[in-house]
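Colleague: Structural data only, the sequence is not supplied:
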């Protein structure tokens, strides 16, 4: 008898699950957000997810959506796990999403080949496959405002400036510590090429994910090698550990530069005052001194509609990155609406909107984010915008901007094109048929 | 009443040696196979095929492989993820080297490479048992994670460091790559899993399977009655790795579509071990039950609040997921340590005597 009840229960739940697919009616623009508020990278994932959903929800609350069309924002938890990403993607697909923000390099790599087939654009904002910058090979994938290679070259440039000129890099020793994954390995070819040209010595230290919380041996090696500069491509729990270990071996923190994903408040804070001087790159502003952020506080956070528990965490670096991601999505929707009218746009129209996105300084000021980021202009060929970065420095309690915008090197674009051509050849990607403009 | 085999007389050796000697079992299997081959592709949507059924079948296959090794031959292994990675990467290499060859054939072939590797890592099993062997197989896991992450040749020097699945056609129907329909991919997985599962049923009831069980139950006694531990254990490792390798190749080629070596980390080995423990050690159906449990329950828990319309944020659901799944595993093991397969056999006994229990 018990078994029967149990079986009936299972059967009914399964049939419910079956029926529930596609029940959700589309009465707005559906924007799924792949988030990871759980798992080993949750420390960076939570503020990011908060920023993303808060900005979009704020647009709903304040303006009633975009162009009068409400936004349906739905989170899907991936835990940064590729397998769950597949499930999320299949789950959101029937609801006609306008764009997918995968928020994981692994999930992005999976979705890249699917995007032209399913006709859903993928926006991997400053992560994912760098080669996707080539719009002629990847019409459905966007990674503006910048790519890892752009950033890597800009960091080398910054180090060059600090040393008093690129020619002074000769004979210098630069260490590169990275999370051992596709993400971490990606800039190595660029560093190697630049090393041959500029004459600095490069040594690399891979940190396996399992070891990311125990890096004493890695930093022992750093101490032995005595590099002039250290660059880090870390993520999640690897970042605070590396920063702590660096302070332990008394490495000069002024000469330790992290990637833009290693620049969270929570990355530097655990090492406390000792981490003072640590630098990381960034491509957007931080802090709450923007009208749009004030609106988020007013319409969302203060009304208890945000998942942010602590008001003071609004405005932190990764929160703002989430906001920026949503700004880019919202502006692309606006661009698309400008052409197709203020209605629920399709994913193909969204693709057009993303490709024709032109986020000027004036426009940034208009949406309440003056000076928040460098202007972004996406074109048919260039989906990455080759955006510049700036360097921020930890002062013991918060980040301070310490440089102007640093452009990436010109050599990066041909490298990206070569990588895209390589991908195209290996995976027999068909030629682009979508017309530009 | 439902499961009474009374009246089913076997009048020939052939009938007596049938794969499923009880008529009801036979019928049930045919129904399940028929349902999954004909009805499911017709009615299931992409979500069901891609997010639920394909991973379920692939994990069943991997669990089946591990169950042959751990459940039947008694050799504890934590290297399943590593062997799956071998299958996936060798399939990728084979597909890129022989672009014209039938991809299904290559998936099946890549299992042999995995089997060869399994053979090598099975050698320590001749001298060590139990936890010590688990450590030795753990070495396989870490070694392959390291190898496929470090040596660029394995991923064809891709900048992304990931292996990417190209479009491959069988009889002019794309079965792998982005343009392959989920139905096509499901059918490929289903065919391979069905055939391999039937082969497994055959293996375990034959000479090899009996030798495995003898070694598992008492290796000294098995040796005394003339079973050679060397060949028996190594065969177990090879066949088990073959299954794992094919599962790994399917995992990347029909499910993920692109993979970094991180997807084959130690967690996947543990997950598959949980599957066979929950499903039932030493049982073919147990592998399927276990895979269903581990793959489907989290999906069910994640979707349940959505269906019932409970407003709850996704992170909380995810935390609940961990807790509920953990609690369920513990409860199942307390109430039925022999796994879901045992529950099924108890149920079968009950159905047999129903409506007149003892």
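Modeller: Right, received. Where do you want to start? Not measured: the values here are computed from a predicted model.

Colleague: ranges for the strands of chain A?
Modeller: Assigned by DSSP state E, chain A shows strands spanning A:29-35, A:71-77, A:122-123, A:141-142, A:173-179, A:201-207, A:229-233, A:256-258, A:279-282, A:358-359, A:376-377, A:390-394, A:399-401.

Colleague: all strands for chain B, in order.
Modeller: B:163-164, B:168-170, B:173-176, B:258-259.

Colleague: which residues touch residue A:132?
Modeller: A:112, A:124, A:138, A:141, A:142, A:143, A:147, A:383, A:384, A:420 (Cβ atoms under 8 Å, 6 or more residues apart in numbering or on different chains). For glycine as for every other residue, the C-beta is placed from the backbone atoms N, C-alpha and C.

Colleague: in chain B, which ranges drop under the pLDDT threshold?
Modeller: For chain B, the stretches flagged by pLDDT under 70 are B:1, B:357-358.

Colleague: so how far is residue A:80 from residue A:181?
Modeller: 11 Å (Cβ to Cβ, to the nearest Å).

Colleague: scratch that, residue B:69 is what I was asking about
Modeller: 31 Å.

Colleague: what does residue B:186 give?
Modeller: Distance, residue B:186 to residue A:80, by Cβ to Cβ: 27 Å.

Colleague: just to revisit the earlier point, may I see the strands of chain B organised as TSV, with mean neighbour count added?
Modeller: What follows is these, written out as TSV (neighbours: other Cβ atoms under 10 Å in any protein chain shown):
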stretch	mean neighbour count
strand B:163-164	25
strand B:168-170	17
strand B:173-176	19
strand B:258-259	26
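
Colleague: Could you list the residues of the stretch 101-250 of chain B in contact with chain A?
Modeller: B:146, B:149, B:156, B:158-162, B:164-167, B:177-179 (Cβ under 8 Å from any Cβ of the partner chain).

Colleague: ok, and for stretch A:374-394, which residues are buried?
Modeller: A:374, A:376, A:378, A:382-394 (16 or more other Cβ atoms under 10 Å in any protein chain shown).

Colleague: Residue of the stretch 51-200 of chain B closest to chain A, please.
Modeller: Nearest residue of the stretch 51-200 of chain B to chain A (Cβ to the nearest Cβ) works out as residue B:161 at 3.3 Å.

Colleague: Isn't that residue up against residue A:181?
Modeller: Yes. The pair residue B:161 and residue A:181 qualifies as a contact (Cβ atoms under 8 Å) at a distance of 7.0 Å.

Colleague: which neighbours do those two share?
Modeller: B:149, B:260.

Colleague: Now residue B:251. Nearest residue, chain neighbours left out?
Modeller: residue B:58 (5.1 Å; Cβ to Cβ, 6 or more residues apart in numbering or on different chains).

Colleague: ok, that neighbour - contacts?
Modeller: Contacts of residue B:58 by Cβ under 8 Å, 6+ apart are B:189, B:193, B:247, B:250, B:251, B:254, B:255.

Colleague: tell me which of these is nearest to residue B:214?
Modeller: Within the contacts of residue B:58, the smallest distance to residue B:214 is 26.8 Å, found for residue B:247 (Cβ to Cβ).

Colleague: on that earlier part again, can you redo the strands of chain B as TSV with distance to residue B:99?
Modeller: Converted to TSV, these look like this (distance: least, Cβ to Cβ, whole Å):
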stretch	distance to residue B:99
strand B:163-164	13
strand B:168-170	8
strand B:173-176	12
strand B:258-259	17
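
Colleague: how about the helices in the stretch 201-350 of chain B?
Modeller: Secondary structure of the stretch 201-350 of chain B (DSSP state H, counting those that start in this stretch): helices at B:207-217, B:219-224, B:229-250, B:266-279, B:284-308, B:314-335, B:340-353.

Colleague: Output these in a markdown table; the columns should cover distance to residue A:88.
Modeller: Compiled in a markdown table, these are given as follows (distance: least, Cβ to Cβ, whole Å):
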| stretch | distance to residue A:88 |
| --- | --- |
| helix B:207-217 | 40 |
| helix B:219-224 | 47 |
| helix B:229-250 | 21 |
| helix B:266-279 | 18 |
| helix B:284-308 | 9 |
| helix B:314-335 | 10 |
| helix B:340-353 | 27 |
